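Trainee: After the sequence you'll find the predicted model.
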Amino acid sequence: MCRNIKTLFNFEPPATEDEIHASALQFVRKLSGFNKPSQSNSEAFDRAVAEVTASARRLLASLHTHAPARDREIEAEKARERSKLRFG
C-alpha cells in the first residue's frame, strides 16, 4: 500500500472532497508510475484521477459501521508517536 494514501472512512469530520481527490491522485500516480504525466498521457491520467475520485466518493458514502467515528487529531497524534518510535 502506498504510504501517502490515508484511511478516509469513519472520521469526524468526514473526509473532504480535497482529501478524496488527493488519495485518488496518489493511487493513479502509483499505478501509472508518473508523478506528472507527459502531454500525450495527461488526458488519460486526468480521466483516471476523476474516475477514481468518483469511485472513492461512492465507496465512502456506501460504507457503514457501528464503531464510533475516529477523531482526526487523536489519530494524527498516534501516527506521530509511531513515527517517533520508528525513526527516533
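Mentor: Nice, I can see it. Residues are numbered from 1 along each chain as shown.
Trainee: Now do the buried residues in stretch 6-24.
Mentor: Within stretch 6-24, the residues that count as buried by 16 or more other CB atoms under 10 Å are 8, 11, 15, 20-24. Every C-beta, even on glycine, is put in place using the N, C-alpha and C of the backbone.
Trainee: List the contacts of that stretch.
Mentor: 5, 49-50, 52-53, 56-57, 60, 63, 65, 67, 69-72, 75 (CB atoms under 8 Å, 6 or more residues apart in numbering).
Trainee: can you rerun that using 10 Å?
Mentor: Residues outside stretch 6-24 that contact it (CB atoms under 10 Å, 6 or more residues apart in numbering) are 2, 4-5, 26, 48-57, 59-61, 63-65, 67-72, 75, 79.
Trainee: Stretch 52-62 too?
Mentor: If you take CB under 10 Å, 6+ apart as the criterion, stretch 52-62 is touched by 5, 8-11, 14-15, 17, 19-28, 31.
Trainee: any idea of the mean pLDDT for that stretch?
Mentor: Taken as a whole, stretch 52-62 has an average pLDDT of 97.
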